[in-house]
Structure formats: C-alpha cells, structure tokens
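Participant: mind folding the following:
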Amino acid sequence: MIKKVFVRLLFVFTISTLTLVAQKVETSNEIKTMEKESVFMLTDSLSSIKLLADKLEIKKLIQKQKVSREERLEQEIKVIEKLENLEAPAEDIYGADSWVQTVNPMKDSSLIPNTYEIDLKGFVAPIKYYRTTSNYGWRRRGHRMHHGVDLKLYTGEPVRAVFDGKVRVKHNSGRRGYGKYYIIRHTNGLETVYGHLSKHIVKAGQIVKAGDIIGLGGNTGRSTGSHLHFEARFCGIAINPQMLFDFAEGTPNMDTYTFRKYSRSSHYARKTKKTSQSRDGHCQIYKVRRGDCLTKIAAQYHTTVQRLCQANHLSKRSILKIGDKLLIQ
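Facilitator: Purely as a prediction, here's the structure:
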C-alpha cells in the first residue's frame, strides 16, 4: 500500500516537473520569439531611418547641384553680358550711331544724362612712372583750355588702356593737336584720350582690357617734349583726370564718381587769376594725416570748409580718417 502511494506521488511530481519544464521552454520560446520580433522591428526602424537619411542626403545633393547649376548659369550670363558690353560699351548712353571720328561724339547735348554714376574700380595707370609736366586747366600762354594732364614719359615707353573698353578713334593729326592718338570708350561710360604717341599698336574697333598696351609714348603733334597727354571725358565733356585718379599710386581717388551735367566747376577749370592754390583751376589730392580736421586743411589750402565739403560730398560734422583722400579745388 505504501509502495503504491509513493509511486503515485513520484508520478505526480514527475508530471509537475515535466509541466514546469514545458512551461519554461514555452516561455523561453516566447521570449526568443519576442526578441526576434524586437530585433526585426529595430532593424526595420533603422532601415527606415537610414532610408530617410538617404532621402534627405539625396535631396540636399539635388539642391546643391541645382544651386551650382544656377551659379554657373548666372556666371555664364555675366560673361556674355560683359562681352556684349565690350562689343558696344555704354551704348545706352551714347547710342549706336556715336562711333564717329570726332573727339566729342554727342551730336545732341540734350541726350547727356543730368547725373550718372561712373564706376572707377579696375583702373590701371596708363604709364609705369608718374610725373606731371602740365596740369588740367587754363593755360596762361595762349589763354586756352588744357583738357587733360601731361604725364612725363620717354619715347617708346608703353602706354596702357586704363579700363576695359573698345577703341573708338585711332588717328594721326600730323604736326597739329594730339599727333598720333587714341580715344577709347569704356564700359563705365568714360572715354579716355591718349595723345602724342610715337606708334599705334591696337586698331580702331578693337576690344582692349585694362592694362593692355595700346601704343608707345612719343612727341608727335603739338608737343614740345616727349610726354603722354591724357584726358578723361564723359559724353564729350572733359573731367579733370587728377580729380578721378591718383597716377602716382595707380589707383582711383574714389570707387564711384558722380557726374553732374550742370555742375560746370566739376568738369571745367575756371578762367580766373591765380589767387590761391584752390582757385587756380587745378585739382589737388590731399591725404589726411593725424590731427587733421576740415578747418585746418581749408586754412592750409586757402579755401573754405564749405568748398571742401561740396567737393568731397561731406558734411561739416564728418569725421576724417587717417589716409582718406580729399579733393582740393
């Protein structure tokens, strides 16, 4: 009897143990299945994130390529416009029928704009070394107007174009006037004259770049010694070159010059007796030094603060910086 009871208990215990083991195995399988599902879900999530990142990267790449194409296209358009402008520089100002052989190409003065901003950046000095032999203004001998500035050079010395442009006039007036000379029209609206050359190098209608050698210096025409006669004109109106350019340093005196049609003192020197440095019809450039002020500079050059302000577009309260260039008229 006891033996039977023991056998039954052993059987029940064995069955319970097997049941527990089976449950554990089942639980373990469920856990493994969950882990696998979790791994699959995580893998899917990572794949989705990677796919999203790839899409964003592709989108950025496409956008970058688009911007690059637009920049290249814009650059190409600028190059084409620049070439077209060099083919017919400042045509919107002068007109298509202004490619004449006269110094003043404007037949109708009413077409000259009242004001115009002339970009002076990109200036290159016409000769390597600088020494003025005659300034812009009225000359005592003969009481005639000298529309340019004479720069000392030696016969055969290279003469360069000061801006990009196109040769409008190539001429030789013999023993009179400019002798062998050029007139070049530039893309900024200016025209420059190069007189008394010994040799022409470029042709009429030829496109030149700033710094290109256009001719050789000489003593032709109405000249008493080897030099370059240089003029700056806008629509035929002469502008004092020393007001625009610092020939000694080979730089412009300002980035932009405002042409005003009805401001004659801005373009022509006055025909008056020489009473002071500021009223002799010549233009001087003064570099501001430490301790300078408008009152001090005006007194030094026998002019007024008002004239200094008008010539340099300043107010009486303007603060001067060391190295600034002031126009003294």
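Participant: quick one: mean pLDDT for stretch 240-257?
Facilitator: Averaging pLDDT along stretch 240-257 gives 90.
Participant: now that stretch: buried residues?
Facilitator: 240, 241, 242, 243, 244, 245, 246, 247, 252, 253, 254, 257 (16 or more other CB atoms under 10 Å). The C-beta positions use only the backbone N, C-alpha and C, and glycine is treated the same way.
Participant: ok, which pair from those residues is furthest apart?
Facilitator: Using CB to CB, those reach their maximum pairwise distance at 247 and 257, which is 15.5 Å.
Participant: where along the stretch 201-329 of the chain do the strands fall?
Facilitator: Counting by DSSP state E, counting those that start in this stretch, one finds strands in the stretch 201-329 of the chain at the ranges 207-208, 213-217, 227-234, 237-239, 245-246, 251-252, 256-260, 284-287, 325-328.
Participant: circling back: looking at the buried residues of stretch 240-257, which is nearest residue 167?
Facilitator: Ranked by distance to residue 167 (CB to CB), the buried residues of stretch 240-257 are led by residue 241 at 18.9 Å.
Participant: so the closest one makes contact with residue 232?
Facilitator: Yes. Between residue 241 and residue 232 a contact is recorded at 4.6 Å, counting by CB atoms under 8 Å.
Participant: overlap in contacts, the two.
Facilitator: residue 148 (CB atoms under 8 Å, 6 or more residues apart in numbering).
Participant: number of nearby residues for residue 76?
Facilitator: Applying the criterion other CB atoms under 10 Å, we find 10 residues in the vicinity of residue 76.
Participant: Provide the secondary structure category for it.
Facilitator: Following DSSP: H, G, I helix; E, B strand; the rest coil, we place residue 76 in the helix state.
Participant: measure it to residue 296 for me?
Facilitator: 53 Å (CB to CB, to the nearest Å).
Participant: cool, residue 168 as well?
Facilitator: 44 Å.
Participant: check what pLDDT the closest residue to residue 261 other than its chain neighbours gets.
Facilitator: Once flanking residues are discounted, residue 261 sits nearest to residue 114: 4.8 Å by CB to CB, 6 or more residues apart in numbering. The per-residue pLDDT reported for residue 114 equals 91.
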